[in-house]
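Asker: all I have is the shape, not the residue letters:
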């Protein structure tokens, strides 16, 4: 009986695994197809070459990475500052603050994107890199606050005060005492913001201007034009970098921890 | 000191007013005024009762509910099995099941085009078996795309909440005479509830409001409420109707949040 | 960890410097064109010849392009809309006049095209520089369709259920129904439009998809019998799949002109004129034709174009066929809303 259950369990995992990966594998295989259509016409790297020579793809990659990095960084700074301020707030004010902060998390991206677009139109900002950046910062800060806030809450307030009492300037006390304690939360907030920004399509779609594409918006417009094999090549590269990134962030730190433990 | 400190919360408060509150107010302003004259009206909101809008809303609701259920049915066993297998948290297996989440959303959707569209592998295989007709452009294709895209968002919170259950609790239940089925229904299910709730939230809202999946896999035949709103803004250039329908959509999001909050007594959505 | 942060900070600073460099005053031209509607090599050639950097964006339908320009007429310098949309932009003050005398290649365009545009959309040729023209018709796969294709009604034939592609653009979709019912392609009569909408709704279950640019790949793949398409796509599709044929149904169709206009808020008018003149050059127009395969009004370019193509009646139809075709007019905001309302009822 137990064996049977475990067999079905494994079979289920395998099925879900196939479901999750079949499309991705097809995409990767097609990226090496010589022909443009969906019939196999022989192995070729022509679409990778196309991809490397396409300035549209290059620009989109640079935009995506720079917007993700900048927006995550600014959101992290803004988020950490407001978390410290928040820790001094109490009761109603804090509750109101937090619920406004939660709105973009709970609301649909469609509404968030449209509402931001309306604001930019109302202010008369011309759509472009800066509007996308502003929009990304806006939806990133809540993630930072959500991951930093618990750290601040559980922090021992008296160490900071002790440092100040002993004559440290508040700024110095902040960097010497507070920062090390909240750092894990800050980093995970930053990473979350970074990935959210990388993956976003809908909000970017509504806030971008001429000549600005992120990878997501580029794919959207390309794919709507028909079969675009250079997009297959791009997906393959992106998929492999995602694997690499995850391995780097997950496996290596763990390795180090294991080694450290062994050294202890 | 603390008095001064609380001013640090101000900059982002100003930011939120500018980029969260005012935008929503603007949606309401557009949604409740007439195009051209700017006079107050409910007609944009009430246009949801126009046949074609209502049809799209109902289709969106049906598809997103089915999508959420299917995701739950697929993901719960996966999370359970992973828990049983005692895979370590950052272990290889978990890694495999969340990896697709790290792939660009549009690419994930586009990947299915390669399989389902004319000349695609699945399409060709079905055709060889005598299937006639199309896959792209059907509700089924859109549903498939939704499930595929949002499944990892269900697996992760479920897995997190299931692994958080202490083995001791289960052993205690067993010692007290509960059989495996009872352990599952009386102990594991209730304890995993917060995970279920956050999983549902993370799947239901985006699938209710999507326009990308239906656009790419629906052959632009399938119109969801997201498509209607998007095209009111981008093609009809009638922001007022688009905003009015967005208000309706927000009401549905609020209702679903309220229902989930009601069941989720712990209140904290500790997803991701 | 400190190292990672240091690396991140350094790269951000590098990026900011990078972005700062981009802000230097540059000679930039912002072009907004249809998808797959130019030989991209020509854009590069233009950049090399003039030293102007081109920011090139694409739209899929006139209706998608318009709201963007309306929201901000300085978004792009030059845009390439169709006839009726030029009229709309003109009437709503989104365009500035083009001084044709500043274009030294303007006479490469056949006089009849200037005359037609002057008659239909742009009196006195003050705003629009012709780029392409064509018709709307049915592209069909001869291996899948054995009936004669000469009427729009074949798009309602149950035999081809699930194998029909319609255009996902309001005016083009309505054109099919209007012609089949014997109405004008510019009708604004609410009952006529309601009848068209009903007819199109009846067609909905037979339709495989509502497409625009992806129509090419779908027809080339060979699994689809019939598609409503712009004549310019035909040659490209036929090269890839010789089983395809193009027909303008007997009931008549739409004849259209696409052309370049300069927006009201254009920031680089000089570059815009250079762009227009560049595309008017006979050799450039010929090369562009060979790439996009849309008929060109640039008669001077014909000497560079393969004679066989010029004599293909599917691409360059005779007068008798064109007589059956109507040019779209801009019908006013009210009629436009009516079209859109009825269009939403189709799907």
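Answerer: Alright, I've got the coordinates. No experiment lies behind these values; they were computed from the predicted model shown.
Asker: what's the pLDDT at residue A:201?
Answerer: The per-residue pLDDT reported for residue A:201 equals 95.
Asker: oh, that last question was meant for residue C:13, not what I typed.
Answerer: 49.
Asker: with residue A:1 instead?
Answerer: At residue A:1, pLDDT is 57.
Asker: contact residues of the stretch 51-200 of chain C facing chain B?
Answerer: C:61, C:63-64, C:66-67, C:70, C:162, C:168 (CB under 8 Å from any CB of the partner chain). C-beta here means a position set from N, CA and C on the backbone, and glycine is covered the same way.
Asker: and which of those residues is nearest to residue B:233?
Answerer: residue C:67 (7.5 Å; CB to CB).
Asker: and for that closest one, the neighbour number?
Answerer: Around residue C:67 there are 15 other residues, counting by other CB atoms under 10 Å in any protein chain shown.
Asker: give me the element it is part of.
Answerer: Element membership for residue C:67 (DSSP states H and E) is helix C:62-71.
Asker: which residues are contacting the following helix or strand past that helix?
Answerer: Next helix or strand after helix C:62-71 toward the C-terminus (DSSP H and E): strand C:78-79. When contacts are defined by CB atoms under 8 Å, 6 or more residues apart in numbering or on different chains, strand C:78-79 is touched by residues C:29-33, C:65, C:69, C:89, C:260-263, C:266, C:272, C:275-276.
Asker: tell me the strands beside strand C:78-79, with direction?
Answerer: Strand pairing for strand C:78-79, using DSSP bridges, gives strand C:28-34 (parallel), strand C:253-263 (antiparallel).
Asker: could you give the angle of whichever helix or strand comes after that strand to helix C:62-71?
Answerer: The helix or strand immediately downstream of strand C:78-79 is helix C:83-91, counting by DSSP H and E. Helix C:83-91 and helix C:62-71 are oriented at 10 degrees to each other (axes from the mean of the first three to the mean of the last three CA atoms, to 10 degrees).
Asker: what's the next helix or strand after helix C:83-91 packed up against?
Answerer: Following helix C:83-91 in sequence order, the next helix or strand is strand C:95-96 (DSSP H and E). Packing partners of strand C:95-96 (3 or more CB pairs under 8 Å, 6 or more residues apart in numbering or on different chains; DSSP states H and E): strand C:253-263.
Asker: off-centre distance for the strand it packs on?
Answerer: Distance, stretch centre to chain centre, for strand C:253-263: 7 Å (CA atoms, centre = their mean, to the nearest Å).
Asker: what's the following helix or strand after it?
Answerer: Assigned by DSSP H and E, the successor of strand C:253-263 is helix C:269-280.
Asker: now the end-to-end length of stretch C:77-92.
Answerer: End-to-end distance of stretch C:77-92: 17 Å, with CA to CA, to the nearest Å as the criterion.
Asker: what comes up buried for that stretch?
Answerer: For stretch C:77-92, the neighbour count (16 or more other CB atoms under 10 Å in any protein chain shown) marks C:77-90 as buried.
Asker: what does stretch B:153-160 rub up against?
Answerer: Under CB under 8 Å, 6+ apart, the answer for stretch B:153-160 is B:68, B:71-72, B:74-76, B:78-79, B:82-83, B:94, B:97-98, B:101, B:192, B:195-196, B:198-200, B:202-203, B:206, B:270-272.
Asker: wait, I meant stretch A:60-68
Answerer: Against stretch A:60-68 from outside (CB under 8 Å, 6+ apart): A:129, A:132-133, A:136, A:194-195, A:197-198, A:212-218, C:15, C:18-19.
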